[in-house]
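S.K.: got a sequence here, can you build the structure:
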Amino acid sequence: MKKSDDAVKIARYISEFFDVYAPNFLTTSGHTLKSYRNALGLYINFLETESVTPGSFSRHCFEREKIEKWTVWLKESRNCSPETCNVRLGSLRVFLEFLGSKDMEYLYLYQEAQKIKRQKCTKKKVSGFTRDAVAAMLAVPDVSTKTGKRDLVFLTLLYATAGRLDEIRSIKIRHLHLDGKKPYVNLIGKRDKIRTAYLLPKVVAYIKVYLSAFHDGTPDPDAYLFYSRVGGKYTKLTEPALAKRIKICAKAAHEKCTDVPLDAHAHQFRHAKASHWLEDGINVVQVSFLLGHEQLETTMRYLDITTEDKIKALATLEDETQKTVPKKWKNKNSTLTDFCGLKK
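M.R.: Modelled structure (predicted):
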């Protein structure tokens with residue numbers, strides 16, 4: 001059956017989204033890229049259950065009524081939780097936003113998708129590490145070994161910077177500034193946003209010992225701080241490899257401190273640091289900045305902070321700065337799966 005112009009254009013844009021746009025302009029995280037691909041792959045699978053073929057594939061397949069039917073299909077046929085359904089919907093919206101940016105004729109699809117309500121979810125509180133748990137984790141690595149030196153620096157940076165796992169993995173030598181009066185590291189976050197994390201002297205000392213062991217001589221500015229032994233200094237360690245090291249350390253630390261969960265993961269260091277900043281009296285607005293959140297509401301949800309706490313924090317921050325800083329405002333005949341290039 002002859003394919004419509006719509007079908008050919010959309011299939012081409014799907015390829016461009018995954019091959020060019022997403023990895024270069026949205027994220028470098030393999031997990032996030034996989035999430036985008038899984039969401040669109042599931043959407044195409046759903047369309048196939050609706051008897052959509054390459055010959056009948058068109059923009060109408062992405063209209064609001066069809067997407068809402070897809071979310072029901074995810075829940076009832078795929079047994080997806082409300083949280084997973086919302087993640088899939090969010091990923092599809094990202095693609096539709098890209099589609100609308102490529103051709104104005106498709107812009108209405110993104111606008112319609114934005115009006116679809118997210119499913120209600122049971123609130124899940126992320127649990128970070130206690131201070132004792134952090135100390136126990138950092139006490140595990142054997143610094144007399146190369147692997148121990150690496151593990152200590154990796155875990156220390158996770159906590160000290162409150163960095164996301166991919167931000168720590170993506171650190172290159174040129175991002176480190178260790179010899180100034182205020183040593184710091186530049187972290188490359190979501191959508192390539194750069195934020196600065198200042199480092200305490202002890203952390204700097206750990207890093208320098210690590211550099212002498214893993215980056216002998218003059219370190220190459222373009223080499224990754226944590227690199228793959230197989231791929232070399234220009235290939236960063238994989239997320240599964242680092243996640244495995246965290247669990248190995250957690251198992252050992254749990255024997256000394258039961259506060260350490262056996263299923264420990266990288267994001268608990270970030271959550272713990274944010275919580276400890278609050279405990280130390282750092283304003284939630286400042287914590288939001290340190291975490292690299294664009295919106296204060298994101299930090300509030302992240303740390304389970306109430307609206308009343310937010311108002312108090314904003315008032316405190318204004319009291320501290322109103323004398324010297326003016327107010328500023330911010331704004332913000334193949335299957336369809338084969339045809340779209342989404343076959344696994």
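
S.K.: when you work out contacts or count neighbours from here on, use the C-alpha atoms and nothing else.
M.R.: Fine.

S.K.: quick one: contacts for L107?
M.R.: L96, E97, L99, G100, S101 (CA atoms under 8 Å, 6 or more residues apart in numbering).

S.K.: one more time with 6 Å
M.R.: Contact analysis of L107 by CA atoms under 6 Å, 6 or more residues apart in numbering lists G100.

S.K.: okay, now the unreliable bits of the stretch 151-300 of the chain?
M.R.: 217 (pLDDT under 70).

S.K.: at 90 what do you get?
M.R.: Residues of the stretch 151-300 of the chain meeting the criterion pLDDT under 90: 188-195, 216-219, 229, 231, 238-239, 267, 271-272, 274-300.

S.K.: mind listing the strands for it?
M.R.: Along the stretch 151-300 of the chain, the segments classed as strands by DSSP state E, counting those that start in this stretch run 176-177, 184-188, 194-198, 227-228, 232-236.

S.K.: may I have the last one exported as PDB, CA atoms only?
M.R.: Think strand 232-236. Extracted C-alpha coordinates of strand 232-236, given in PDB (Å, rounded to 0.1, in the frame of the first residue of the first chain):
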ATOM      1  CA  GLY A 232      40.200   3.800  27.500                       C
ATOM      2  CA  LYS A 233      40.400   7.400  28.900                       C
ATOM      3  CA  TYR A 234      38.000   8.800  26.400                       C
ATOM      4  CA  THR A 235      35.200   6.400  27.200                       C
ATOM      5  CA  LYS A 236      33.300   7.000  30.500                       C
END
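
S.K.: what comes up buried for that strand?
M.R.: By neighbour count on 16 or more other CA atoms under 10 Å, the buried set for strand 232-236 is K233, T235, K236.

S.K.: so which of the strands of the stretch 151-300 of the chain is the most packed in?
M.R.: Most buried of those, by mean neighbour count (mean count of other CA atoms under 10 Å): strand 184-188, with a mean of 22.

S.K.: now for that strand, which elements pack on it?
M.R.: Contact analysis of strand 184-188 by 3 or more CA pairs under 6 Å, 6 or more residues apart in numbering; DSSP states H and E lists strand 176-177, strand 194-198 as its packing neighbours.

S.K.: can I get these in a markdown table with distance to Q111?
M.R.: Putting those into a markdown table (distance: least, CA to CA, whole Å) gives the following:
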| stretch | distance to Q111 |
| --- | --- |
| strand 176-177 | 42 |
| strand 194-198 | 30 |
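
S.K.: for D259, which non-adjacent residue is closest in space?
M.R.: By the measure of CA to CA, 6 or more residues apart in numbering, the closest residue to D259 outside its immediate chain neighbours is A133, 5.4 Å from it.

S.K.: look up how far I207 lies from that neighbour.
M.R.: Counting by CA to CA, to the nearest Å, the gap from A133 to I207 is 22 Å.

S.K.: returning to what we had before: nearest to H267, out of the helices and strands packed on strand 184-188?
M.R.: Ranking the helices and strands packed on strand 184-188 by proximity to H267 (CA to CA) places strand 194-198 first, at 16.6 Å.

S.K.: off-centre distance for that closest one?
M.R.: A distance of 16 Å separates the centroid of the chain from that of strand 194-198, by CA atoms, centre = their mean, to the nearest Å.
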